[in-house]
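# 3D model of this:
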Amino acid sequence: MPRRRFPAAGPCLALAAFLAPPLFAEETARLHVPTIAGAKVTLDGQLDEPVWQQAALIPDLTQHEPYPGQPTPYRTRIRIFTDGENLYLGYDCFDPEPQKVTVRTLQRDGNIEGDDSVDFVLDTFGDGRTAYWFLVSAGGARADGLVSDASGGMPALDWDGVWDAAARRTATGWSAEVVVPARTLHFKRGAEAWGFNIARQVARKQMILRWTAIPHDAGFFDMHRAGQLEGLGDMKQGLGLSFAPFATASIARQRPAASESSANGGADLAYSFTPELAGSATVRTDFAETEVDARQVNLTRFPLFFPEKRTFFVEGQNQFDFGYGLGQDFIPFFSRRIGLFAGGAVPIDYGLKLLGHAGRMSIGVLGVRTRDSAGGPPASDFMAGRLAYDLDEHWRVGTIFTRGDPDGVNQNALGGADAVYRTTRFRGDKNLVAAVWGARSSGDLQPGKRSGWGARLEYPNDLWSLYADLREFGDALDPALGFLPRPGTRWYQAGGAFQPRPRPEGRFGWARQFFYEAYGTVVTDLADRPQSWELFLAPFNVQTHSGDHHEVDVVPYFERLNEPFAIAPGVVVPPGAYHFTRYRVLAEGATSRIFRPSLAIQFGEFYDGHLTQWQPAVGWSSPGGHVRLDASAELDYGTLRAGSFVARLLALRALYAATPNLVLSSFTQYDSGSSSLGTNNLLRWTIAPGRDLYLVWNHSWHRTASEHFSLHPQDEQVSAKLRWTFWW
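Residues are numbered from 1 along each chain as shown. All right, here's what the predicted structure looks like:
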């Protein structure tokens, strides 16, 4: 079936396409998965065991990108079966140029955008809103995550399930074997079918092949468009019990003090009350293996957002997502508020969690107790919960509540409700989302309006992507266990993008897709007096067929300062109204290349002066992806009436992977704001799925103002952690 084609500019054709009936009328794809008792598979990437010939077969995948439905030489055979306790998948990925199969990293949850890979999603509850995501690259690297409707459908990548895979290069391309134990999943008891989709990426061609959800408007993580794996009603989790003890030992030194050694132990316990609903507990939790945060330069007057990375909290975090489209502007429950206070870690005695479904009800409940710490807050209890109910295939309504304050002294609670309507059949085959939400704080709060609310309408499709959003945050809305950078504001947002795909034989045939974007945001106080506004315009934004990206942006701003704003030490912007315009030029190389340069330059007015920001980056991978280096920098040069300032941020990620199960990674950062250099080094050996040894070395140095080129050692810590999981 021919795909839709549009020139780089052409309003008449674009309007005709907007009004046209759908070109793809997909029926739900179905595959019956056989149960083969006693099946034996040696996980080596070779589908040479006889059991694979008895598996269900998807004989090929269909092109989704760039030309939906068109034939390709990249034949892909998918085989699937179960032994009642595990789901097995086997891939045969044929490539007419097998020597060009791309592998750029072997790291688990690394940057696999530039790798040849196959990924799949499992909607084990059949609700069309949540799913597990798994990816295996041609080099055997693995990635996984949790998908949630409320987060716009993109997966949260910090979840680590207990599963395994192996891949192998072949004379005709590459192949892989995957095993997903039922015990790592929550699923609906007795459900004969799970939502399922699978996709292959041919990185050097920027080509994507899928089983279902073929049109450009169809999102891979939109489980309403997924197919069905049938015959899974007898999947078993055993007793549904797992026990994971761990032990840690560390030596730490904070100069000039002497070194101190310590040892700790704890355990995680999980039990599935039903295949749909599981409880877990953690005792004396330790996060030694968690990577340090990426440093950021803050040139705004609002707090920065840093994502959650700790294992106990990211497990099931998609079930706490609230308020479709809110992003980082308002997060009612943000787990980083627990166990962290004033930049330091607060020890956790224990945590309890209940996750899963009961019929149409989605359940997420979390309780944590922290203990007293030297110089920190007193022992405290925290609780958060989220309930959501599926009225039908389109409507989901839900509530959220939190209780506790990280300072351990004040009382704080928050409650909220939201509703989301989603359809993939608007005007035949288009996506449409409508959402509303409301929330209210209680406890020891300042006087003012304690509530917030919002509504959003979104038309997220390939040619046209449009949205409108209205929200209000009360000046006394205070989610102590959440994230709200701008209370006391009202937001008006609207915008869209026209995203045509040129004819390959035309004058713009070198381009894969253009993006003409315009997004406006107006933020006022609660009396509708403007505080700030911005208009983002992208008159030129293109992705090429090779994966290169080039963009030019123009962004007019307005900022009203009611009090002085210290943008840098000794540089204070006085109160007043400021109009200024900034520009950005961006060029990025394709992620599939061995050498990957990029450069973004932002320049123009900034408050009452000027600011130029250089953001260069370069990446390199060895053939086979065993070694990977990624260096980046942000260099900011500002000149305001109050003075000049310079901010520098340098970062280097280095990786050596002997195999996907034995990886040494290093993350080194320097920023001029703290005048410190820090390195976080981690050796992770996955002995078997769920059984890991971690060796960690953290070190920091400080540069004094009088010695520009001298670095003095500060904190140093060496840690070892062994975690070993048992299942019944």
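# ok, which stretches of the stretch 201-350 of the chain are strands?
With strands called from DSSP state E, counting those that start in this stretch, the stretch 201-350 of the chain shows them at 207-210, 227-230, 241-254, 260-274, 277-285, 340-341, 344-345, 348-358.
# right, and the ones you listed - which one's nearest Ser622?
Taking Cβ to Cβ, strand 207-210 is the member of the strands of the stretch 201-350 of the chain nearest to Ser622, at 24.2 Å. The C-beta positions use only the backbone N, C-alpha and C, and glycine is treated the same way.
# Adjacent strands (with direction) for the closest one?
Strand 207-210 pairs in its sheet with strand 62-65 (antiparallel), strand 193-202 (antiparallel), by DSSP bridges.
# Now do the buried residues in the longest strand seen in the chain.
What stands out as the longest strand in the chain, according to DSSP state E, is strand 643-659. Using 16 or more other Cβ atoms under 10 Å as the test for burial, strand 643-659 gives Phe645, Ala647, Leu649, Leu650, Ala651, Arg653, Ala654, Leu655, Tyr656, Ala657.
# hey, C-alpha coordinates of that strand in CSV?
C-alpha atoms of strand 643-659 as CSV (Å, rounded to 0.1, in the frame of the first residue of the first chain):
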residue,chain,number,x,y,z
GLY,A,643,28.5,42.2,35.5
SER,A,644,29.8,39.3,33.5
PHE,A,645,29.8,35.6,34.3
VAL,A,646,31.1,32.3,32.9
ALA,A,647,29.7,28.9,33.7
ARG,A,648,31.3,25.7,32.6
LEU,A,649,30.2,22.1,32.8
LEU,A,650,32.3,19.2,31.4
ALA,A,651,31.3,15.5,31.4
LEU,A,652,32.9,12.3,30.1
ARG,A,653,31.3,8.9,30.1
ALA,A,654,33.6,6.0,29.4
LEU,A,655,32.6,2.4,29.1
TYR,A,656,34.4,-0.9,28.7
ALA,A,657,32.2,-4.0,28.3
ALA,A,658,33.9,-7.4,28.2
THR,A,659,30.5,-8.9,27.7
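# Starting from that strand, tell me which strands it pairs with and how they run.
strand 627-640 (antiparallel), strand 662-671 (antiparallel).
# Tell me the strands beside the following helix or strand past the last one, with direction?
Elements were assigned by DSSP states H and E; along the chain past strand 662-671, the next helix or strand is strand 676-688. According to DSSP bridges, strand 676-688 forms sheet pairs with strand 662-671 (antiparallel), strand 691-702 (antiparallel).
# and Glu65, which of those is closest to it?
It is, among the strands paired with strand 676-688 and with distance given as Cβ to Cβ, strand 662-671, at 29.9 Å.
# hmm, back to that, list just the one of the strands of the stretch 201-350 of the chain that sits closest to Ser675.
Nearest to Ser675, of all those, is strand 241-254, at 17.2 Å by Cβ to Cβ.
# Give the rounded mean pLDDT of the closest one.
Strand 241-254 shows a mean pLDDT of 90.
# and the angle for that strand with strand 260-274?
Put simply, strand 241-254 runs at 160 degrees to strand 260-274, going by axes from the mean of the first three to the mean of the last three Cα atoms, to 10 degrees.
# neighbours around Ala587, how many?
When counting by other Cβ atoms under 10 Å, one arrives at 13 neighbours for Ala587.
# Ok, Glu505 next?
Glu505: 7 surrounding residues under other Cβ under 10 Å.
# which residues of the stretch 501-650 of the chain score low on pLDDT?
Across the stretch 501-650 of the chain, nothing is flagged by pLDDT under 70.
# mind listing the strands in it by residue range?
Counting by DSSP E, counting those that start in this stretch, the strands of the stretch 501-650 of the chain are 511-514, 516-524, 530-544, 549-561, 565-568, 571-573, 576-588, 595-606, 609-621, 627-640, 643-659.
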